[in-house]
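Colleague: give the three-dimensional model of this entry:
(one chain, ligands or ions: 1)
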Amino acid sequence: MNNFINLISDALSDGTFINAVFSNPRKSDDFKKITAAPITMNHSLYIQFTRFKDNKAFHENVQVHEASDFILSHCAGFKQIQCFTALHDYHILVNKKGKATIQAKPPSKKSPVSISHNRKKSYILDTPTSAPFLKALDIMDANGQIKPSKYDKYKQINRYLEIVSDTLEVLPTSSLRIVDFGCGKSYLTFALYHYLNTILGRKAVVIGLDLKEDVIAFCNDLSKKLGFNDLNFQVGDIGHYTTDQQIDMVVSLHACNTATDSALLKAISWQSKVILAVPCCHHEAYMQIHNETLDTVLKYGLLKERMAALITDGMRANMLETVGYKVNVVEFIDMVHTPKNILLRAVLKSSVNFDQTSYKKYEELCHMLNLDLSLAKLLKEDPLYADYLR
Ligand SMILES: C[S@@+](CC[C@H](N)C(=O)[O-])C[C@H]1O[C@@H](n2cnc3c(N)ncnc32)[C@H](O)[C@@H]1O
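Modeller: Below you'll find the model as predicted:
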């Protein structure tokens, strides 16, 4: 979806939308202008779209949750959009290819109708100004406003913190240690540290690990500038990382291909209470997967890629359950932003457990699909599990 439609749809769902004007149509025989504004009818809230043509106005009222679809089908052909929200005034220019340039200014209007009806989405980082790391990572501007081009990132950070908050009750309250494997530029690592230490006042030591020296140097520098004393970054390969400290939570977000398996293995062998993993690039299964019956579908590269990804993640989830974790598979962020949006949330139920029935099913599926995946291979070499996996 185009980013300006995302922006309007976010304002609609957050309850901050005031009105919008779509003008300057690309085709001369189209409607000259379309306006959108909330109205209440019979105590229900609608968005009224008014289309102007030949000095006539045509009204259409649509329910708030259908407004983005209306915009997508009727308003995408305009070159210029002004959108007023309670947070920003947006001036949007859309080029021929549909690419939007978005300028945000402080809000000039107050909402005449409360669109929220208690629907206003409350984010964990709802006062961005109190989270200076957002500015340092270029998500927030100098005036404390989230940059329009970074709004998706801001939403992703908040979604991540919501998922973290759901796991807090199983984590130690006194102090905790977390490792973020494949932390990259560490938007989410900084957010995690800020949330636990600054917002919740818990004492969390967070270590970010990545292969890239320059990225790690940048993150350590930033951590120092922000005074995040217990947030440290190290250069290294997940598979070789060792520690003699108890690690309560392991995070691995978008680490490539089998790097996720190395991270899961570390967490399992440390018996970490919580694992959050968003796998990415499932080349291993893609290269192996084969089944004569399924070849009718697997011959299409894109479908093979998607199926390889879903099956790998399903099998990872199953393997985590086999070794004693309770696993939820949840959407990380909206599917419109990226197909890589599956998050495995695993919470340790019982330590050093092994469910033979579950593993037998895993093996059957491997056999059926010609798979020999890394997590099981790594566990076969782990002293805790080697005896269980033949
Ligand atoms: C796509 S980035 C994701 C960054 C961050 N976690 C996020 O979600 O925004 C993946 C990162 O994983 C790192 N990575 C991949 N394999 C790794 C390994 N074996 N050990 C350490 N880091 C690894 C890469 O260097 C890269 O920075």
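
Colleague: can we go C-alpha only for contacts and neighbour counts from here?
Modeller: Noted.

Colleague: what residues does the chain have near the ligand?
Modeller: With CA under 6 Å from any ligand atom as the criterion, the chain meets the ligand at residues 182-184, 186, 209-212, 236-238, 253-256, 259.

Colleague: on the three-state scheme, His65 is what?
Modeller: helix (DSSP: H, G, I helix; E, B strand; the rest coil).

Colleague: can you check Asp382 too?
Modeller: coil.

Colleague: and it, how far from the ligand?
Modeller: In this view, Asp382 and the ligand are 18 Å apart by CA to the nearest ligand atom, to the nearest Å.

Colleague: skip the chain neighbours and tell me the closest residue to that residue.
Modeller: Once flanking residues are discounted, Asp382 sits nearest to Ser269: 7.6 Å by CA to CA, 6 or more residues apart in numbering.

Colleague: again, but for Asn341
Modeller: Looking at Asn341 with CA to CA, 6+ apart, the closest residue is Phe332, at 4.9 Å.

Colleague: what's the neighbour count on that neighbour?
Modeller: 19 (other CA atoms under 10 Å).

Colleague: which residues touch the helix or strand hosting Met287?
Modeller: Taking DSSP states H and E as the criterion, Met287 maps to helix 283-288. For helix 283-288, the surrounding residues in contact (CA atoms under 8 Å, 6 or more residues apart in numbering) are Asn257, Thr258, Lys304, Glu305, Ala308, Ala309, Thr312, Asn370, Leu371, Asp372, Leu373.

Colleague: the ligand versus the closest residue to the second one other than its chain neighbours, what's the distance?
Modeller: Counting by CA to CA, 6+ apart, the nearest residue to Thr258 once its immediate chain neighbours are dropped is Ser374, at 6.6 Å. The span separating Ser374 from the ligand equals 13 Å under the rule CA to the nearest ligand atom.

Colleague: pLDDT value on Ser374, please?
Modeller: At Ser374, the model reports a pLDDT of 96.

Colleague: what does Asp126 give?
Modeller: At Asp126, the model reports a pLDDT of 80.

Colleague: could you look up the SS state of it?
Modeller: coil.

Colleague: the chain should start at 7 in everything you say after this.
Modeller: Yep, numbering from 7; the last one is Asp132 now.

Colleague: if we can go back for a sec, please pick the buried ones from the contacts of helix 289-294.
Modeller: For those, a neighbour count by 16 or more other CA atoms under 10 Å gives the buried set as Asn263, Thr264, Lys310, Glu311, Ala314, Ala315, Thr318, Leu377, Leu379.

Colleague: now secondary structure too, for those, in a markdown table please.
Modeller: Below are the buried ones among the contacts of helix 289-294 laid out as a markdown table (three-state DSSP):
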| residue | secondary structure |
| --- | --- |
| Asn263 | coil |
| Thr264 | coil |
| Lys310 | helix |
| Glu311 | helix |
| Ala314 | helix |
| Ala315 | helix |
| Thr318 | helix |
| Leu377 | coil |
| Leu379 | coil |
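
Colleague: which members of those are the farthest-apart pair?
Modeller: Thr264 and Lys310 (17.6 Å; CA to CA).

Colleague: care to break the chain down by domain?
Modeller: 9-111, 156-386 (automatic domain parsing).

Colleague: how about the strands of this protein, start to end?
Modeller: Ranges of strands in the chain, per DSSP state E, are 23-31, 39-47, 50-59, 62-69, 84-91, 95-100, 106-111, 181-187, 209-216, 237-241, 255-262, 280-286, 331-337, 348-354.

Colleague: no further queries at this time; thank you.
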